[in-house]
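Undergrad: Kindly return the folded structure for what I paste below:
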Amino acid sequence: MIKFNISNALLVEMEEKHINSLKHNISSAIAFHKEYYCSDENYIKLLSYIEKELNVILCGKINDLKKIIYHIEKNFYIAPGKLTKISEGAKYKNIKGDRREYIQSYIEEKNLDVHLLEAKDSYEYLKDFKAGISELKNLWESYSDQLSQIFNYSEFIKFKGEWKAYDLVQHLGISVCPYCNRQYINTLIKEEKRARAVLDHFYAKSLYPYLALSLYNLIPCCYFCNSTFKGDKDFYNNESLYPYEEGFSNYAKFETDFEDQKPYDYRYLLGLSDNFKIKISIDENRTDPDKVKKIERSKEVFHLEDMYSFHRDYVKDLIRSMVINDKSRIDEIYETYEGAFQSREEVMQILFLNYIEEINFGKRPLSKLTQDIFEELNSIYNYQFN
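TA: Numbers count the residues shown, from 1 in each chain. This is a model prediction of the structure:
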């Protein structure tokens with residue numbers, strides 16, 4: 001939901017640490033696998049490609065990783081877990097025309113054409129297509145485990161070492177979960193006590209094990225978003241918002257909503273009632289279709305409206321604070337305590353105990369909600385300053 005606020009200089013530094021720490025061990029593991037599994041020609045070709053693109057796999061941006069996925073799945077291998085999802089998704093629904101054409105187009109859409117269409121010109125029945133998927137799963141059953149040994153995430157999340165998961169999240173300095181903006185995810189390293197954000201694999205490592213250690217595939221987030229909601233959902237070509245590059249910004253906003261309640265409970269405008277709902281509204285007039293799709297995907301996967309329904313009391317208190325601390329009160333505090341505040345907006349930040357500027361959304365939970373509700377009601381309370 002919110003974009004990371006990270007300098008390019010820091011990212012370049014992290015990329016250097018990431019490659020220097022991981023590349024040697026991964027290259028050694030690839031060399032061992034090439035020797036040990038030398039009889040599997042397809043696997044050797046896959047390893048050779050990975051070896052050639054290793055820098056990109058470790059530190060490539062998201063579009064680079066998508067190209068890696070496409071090439072590997074087109075030519076060498078698709079994880080059995082993803083094949084299962086593909087098989088389960090193939091269903092006759094409102095089919096117009098030849099079923100063979102449907103199956104063939106589905107195969108091409110899922111990047112399976114080389115692996116399946118070369119074996120058979122076409123599949124007449126879904127059962128035959130799904131049998132073909134099962135053959136591929138059996139053929140590649142061991143690849144995921146072997147690649148997980150090469151890209152050893154279990155080793156990476158251990159505490160001790162030159163560059164580990166704790167170092168990564170500490171360098172990023174992310175304080176709040178970017179997917180929900182509801183939970184603190186600070187890093188603590190003190191003597192034998194330590195805590196850090198969990199790392200979500202934007203492209204799930206169960207589906208893309210060769211991306212298990214890719215720097216820009218690792219998203220610090222909260223446990224709810226990572227394990228309870230996202231799990232191994234496939235974001236390839238069906239992404240949510242990607243925190244390294246984009247957030248809701250002004251394209252999607254939290255709003256209060258009465259839905260079908262009649263009469264409206266206008267007491268909420270005084271902070272006296274929580275008899276309303278919180279919804280996420282998308283401004284489709286200023287948002288391209290791809291952005292809208294990503295926002296909807298984020299809402300769906302992370303159950304954002306459901307989770308934010310628990311924060312009506314926060315919105316109620318925010319509104320009450322706006323009623324009490326009106327524009328004249330802000331002016332009074334700013335002028336009375338001369339020099340204590342750099343701006344009237346800073347006074348508001350102290351009074352409302354949150355940030356209302358997008359650049360600071362990653363510092364405290366519910367900051368995006370705070371800004372949006374503030375803007376929604378600002379037409380009533382008029383906090384505009386000269």
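
Undergrad: Please make it C-alpha for all contacts and neighbour counts, starting now.
TA: OK.

Undergrad: Any regions of the chain where pLDDT drops low?
TA: Within the chain, the ranges that satisfy pLDDT under 70 run 92-97, 117-121, 259-265, 381-386.

Undergrad: Break it down into its structural domains.
TA: The chain breaks down by automatic domain parsing into domains covering 8-74+146-230, 80-139, 252-381.

Undergrad: would you turn the ones you listed into JSON lines with mean neighbour count and distance to residue 246?
TA: Shown next, in JSON lines, are the domains of the chain (neighbours: other C-alpha atoms under 10 Å; distance: least, C-alpha to C-alpha, whole Å):
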{"stretch": "domain 8-74+146-230", "mean neighbour count": "18", "distance to residue 246": "10"}
{"stretch": "domain 80-139", "mean neighbour count": "15", "distance to residue 246": "26"}
{"stretch": "domain 252-381", "mean neighbour count": "16", "distance to residue 246": "9"}
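
Undergrad: out of the ones you listed, nearest to residue 243?
TA: Among the domains of the chain, the nearest to residue 243 by C-alpha to C-alpha is domain 8-74+146-230 (6.3 Å).

Undergrad: what about stretch 66-82, how long is it end to end?
TA: Stretch 66-82 has an end-to-end distance of 15 Å (C-alpha to C-alpha, to the nearest Å).

Undergrad: Quick one: distance of it to the chain centre.
TA: 20 Å (C-alpha atoms, centre = their mean, to the nearest Å).

Undergrad: would you say residue 281 is within a strand?
TA: Yes - applying DSSP: H, G, I helix; E, B strand; the rest coil, one finds residue 281 inside a strand.

Undergrad: hang on, isn't it packed against residue 256?
TA: No - between residue 281 and residue 256 there is no contact under C-alpha atoms under 8 Å: 9.8 Å.

Undergrad: which stretches of this protein form strands?
TA: Residue ranges of the strands in the chain, as given by DSSP state E, are 188-190, 193-195, 198-201, 218-221, 252-257, 277-282.

Undergrad: which one of the domains of the chain lies closest to residue 241?
TA: Checking the domains of the chain against residue 241 by C-alpha to C-alpha gives domain 252-381 as the closest, at 5.3 Å.

Undergrad: Centre of the chain to the closest one, how far?
TA: 23 Å.

Undergrad: Now do the contacts for the nearest residue to residue 243 once chain neighbours are set aside.
TA: The shortest distance from residue 243 to any non-neighbouring residue, by C-alpha to C-alpha, 6 or more residues apart in numbering, is to residue 3 (4.5 Å). Residues near residue 3 by C-alpha atoms under 8 Å, 6 or more residues apart in numbering: 178, 242-248, 362.

Undergrad: Now distance to residue 324 too, for those, in JSON lines please.
TA: Below are the contacts of residue 3 laid out as JSON lines (distance: C-alpha to C-alpha, whole Å):
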{"residue": "178", "distance to residue 324": "31"}
{"residue": "242", "distance to residue 324": "38"}
{"residue": "243", "distance to residue 324": "35"}
{"residue": "244", "distance to residue 324": "38"}
{"residue": "245", "distance to residue 324": "38"}
{"residue": "246", "distance to residue 324": "35"}
{"residue": "247", "distance to residue 324": "31"}
{"residue": "248", "distance to residue 324": "29"}
{"residue": "362", "distance to residue 324": "27"}
